[in-house]
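[1] need a structure here:
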Amino acid sequence: MLDVRVLLAPDSFGSSLSPAAAAAAMAAGWRTGAPHDELDVCPLADGGPGFLETVHAALGGERLPVVVPGPLGDPVPATVLLVGGTGGGPATAYVEAAQAVGLALVAPERRDPGVTTSVGLGVLLAAARATGASRVVVGLGGSATNDAGAGALVGLGLADPSGRLAAGGDALTAATADDLIGLADLRAQWAGIELVVACDVDVPLLGLQGASAGFAPQKGATPEQAQRLEGALARFARLAVAALGDAARPDLLTGRTAEARWTAAPGAGAAGGLGFGLTLLGGRLVPGATLVADVVGLDARIAASDLVVTGEGRFDWQSLHGKVVSEVAARALPLAVPAVVVAGEVLLGRREQAAAGLAGAYAVADTPDGVRQALADPAGSLAARVASVARTWSPGLVVP
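    Below you'll find the predicted structure:
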């Protein structure tokens, strides 16, 4: 019997399964379908829900509880993960935006990206800085907000006399230059901190795949509201960059203004534009899936495997813009290790799958009724589908 070495490396399945829970369900399913195979269970994250859990499992560290305002102002629990700092060395503080502004924190009937606010993330970042860490890493993704980080700036101490910055994306349509007085001073306060922004997608702030047009509808926005939010975020971006003055210089090589560079930067549109908002503080945008993959030593684990199985809730166009699935496939391809994805829904065809470097994609459910049934028992449904995939990829070849 030829046993296959299988690396199970999924992201979360929406709000149904965390990365760790999804990985555990996949392992249970694979052991049912191919019990003799050797498994390496490696939960991943892209900056969205499960980011902190995944980093803590890999690096350890001290978890510090914090209470912050949620997307609608209600208090919610969050955590600062402090890693390192022993023996006088520098420490890194990790936080997860979804714990403060996550879509899962808002009941479906109350979701409205025009009024949800990112103030809570600012409070969480302030708590991370208060630990004395010289480096702060924030995971962005899965937010209920669409305010370009205006609320987060208020949570960090930016004065908001008009109340517009902390009131959600719709209120930014009336923002003025006076609302951003003090932004340059706030940026200066963060000058001594390395702020790393781990984004779950590589989309810009504005445009057809930006924060508002690409993602606001899944947060409850109507098409008309999404268009209005696009204008609101563009207005806020223009005013915010202007408020930074000399801190936002044009690029002398290309002639592009800071506004053009920062709004178009990959990841600026992550988490309702929080990527852009944290750029205003000097934050450096990086792909969250890449950061986590490096933390868990993904390359070496792929190289030691015969097959990689990744997964997520919905395999669609967003999956190819910085998500875990595309990161896993990109790392497996040069190592000549086949990678397949098991997702709650598969909305991309074989051509897109092959272009992404995937050897196959398998849906837990193929119909709306199937999706509803799967959500009734997400772990069991995922395990059952993975068991079937295991029988396909691990046929139990007899070695002569």
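[2] Now name the helix or strand holding the closest residue to A356 other than its chain neighbours.
    Excluding the flanking residues, the one nearest A356 by C-beta to C-beta, 6 or more residues apart in numbering is A329, at 5.1 Å. In this view, the C-beta of every residue, glycine as well, is placed from N, C-alpha and C. Using DSSP states H and E, A329 sits within helix 324-332.
[3] Beyond that helix, next helix or strand please.
    Following helix 324-332 in sequence, per DSSP H and E, is strand 339-346.
[4] quick one, domains of the chain?
    5-43+297-393, 51-290 (automatic domain parsing).
[5] Mean neighbour count added to those, as TSV?
    Below are these laid out as TSV (neighbours: other C-beta atoms under 10 Å):
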stretch	mean neighbour count
domain 5-43+297-393	20
domain 51-290	21
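[6] picking up where we left off before, contacting residues for the residue nearest to A356?
    Contacts for A329 (C-beta atoms under 8 Å, 6 or more residues apart in numbering) come out as 310, 339, 341, 356-358.
[7] pLDDT at it, what is it?
    Listed pLDDT for A329 reads 95.
[8] Which residues are in contact with the closest residue in space to E38 that isn't next to it in sequence?
    Computed as C-beta to C-beta, 6+ apart, the closest residue to E38 that is not its neighbour in sequence is R5, at 4.7 Å. R5 makes contacts with 37-38, 40, 304-307, as judged by C-beta under 8 Å, 6+ apart.
[9] Return the member of the residues you listed nearest to P266.
    Ranked by distance to P266 (C-beta to C-beta), these are led by S305 at 28.8 Å.
[10] Pretty sure the closest one sits against A9.
    No: taking contacts as C-beta atoms under 8 Å, S305 lies outside contact range of A9: 9.2 Å.
[11] Output the one helix or strand in the chain whose mean pLDDT sits lowest as CSV, restricted to C-alpha atoms.
    Ranked by mean pLDDT, DSSP states H and E, the weakest helix or strand in the chain is helix 368-376, scoring a mean of 75. The C-alpha coordinates for helix 368-376 follow below in CSV (Å, rounded to 0.1, in the frame of the first residue of the first chain):
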residue,chain,number,x,y,z
PRO,A,368,-29.0,26.4,-2.9
ASP,A,369,-30.7,23.6,-1.0
GLY,A,370,-27.4,21.8,-0.7
VAL,A,371,-25.8,24.9,0.7
ARG,A,372,-28.6,25.3,3.4
GLN,A,373,-28.2,21.6,4.3
ALA,A,374,-24.4,21.9,4.6
LEU,A,375,-24.7,25.0,6.8
ALA,A,376,-26.8,23.0,9.2
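[12] moving C-terminal of it, what's the next helix or strand?
    helix 378-393.
[13] what's that next one in contact with?
    Under C-beta under 8 Å, 6+ apart, the answer for helix 378-393 is 4, 6, 13, 16-17, 21-22, 24-26, 28-30, 32-34, 37, 307, 309, 311, 340, 342, 344, 362-365, 373-374.
[14] Average pLDDT for that helix, rounded please.
    On average, helix 378-393 scores 94.
[15] same check, this time on stretch 180-191
    96.
[16] got the CA coordinates for it in PDB?
    The C-alpha trace of stretch 180-191 is given here as PDB (Å, rounded to 0.1, in the frame of the first residue of the first chain):
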ATOM      1  CA  LEU A 180      -9.200  65.900   9.400                       C
ATOM      2  CA  ILE A 181      -7.400  68.500  11.500                       C
ATOM      3  CA  GLY A 182      -5.000  66.600  13.700                       C
ATOM      4  CA  LEU A 183      -4.400  63.700  11.300                       C
ATOM      5  CA  ALA A 184      -0.800  64.800  10.600                       C
ATOM      6  CA  ASP A 185      -0.100  64.800  14.400                       C
ATOM      7  CA  LEU A 186      -1.700  61.300  14.700                       C
ATOM      8  CA  ARG A 187       0.600  60.000  11.900                       C
ATOM      9  CA  ALA A 188       3.600  61.500  13.700                       C
ATOM     10  CA  GLN A 189       2.700  59.700  16.900                       C
ATOM     11  CA  TRP A 190       2.900  56.400  15.000                       C
ATOM     12  CA  ALA A 191       6.200  57.200  13.300                       C
END
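[17] Can you give the distance of it from its chain's centre?
    26 Å (C-alpha atoms, centre = their mean, to the nearest Å).
[18] just stretch 211-230 next, same as before
    Using C-alpha atoms, centre = their mean, the offset of stretch 211-230 from its chain centre is 18 Å.
[19] neighbouring contacts of that stretch?
    Applying C-beta under 8 Å, 6+ apart, the set of residues contacting stretch 211-230 is 103, 108, 111-114, 116, 143-146, 148, 169-170, 173, 203, 205-208, 210, 233, 268-270, 272-273, 276, 318.
[20] for the stretch 251-400 of the chain, which spans come out with low pLDDT?
    Along the stretch 251-400 of the chain, the model assigns pLDDT under 70 to residues 396-400.
[21] now swap in the stretch 1-150 of the chain and tell me
    For the stretch 1-150 of the chain (pLDDT under 70), the answer is 1-2, 86-89.
[22] out of the contacts of R5, what pair is the most spread apart?
    Applying C-beta to C-beta across these, the maximum distance is between D37 and A304, 13.6 Å.
[23] Helices of the stretch 201-350 of the chain, start to end?
    223-244, 258-264, 270-279, 288-295, 298-303, 324-332, 350-355 (DSSP state H, counting those that start in this stretch).
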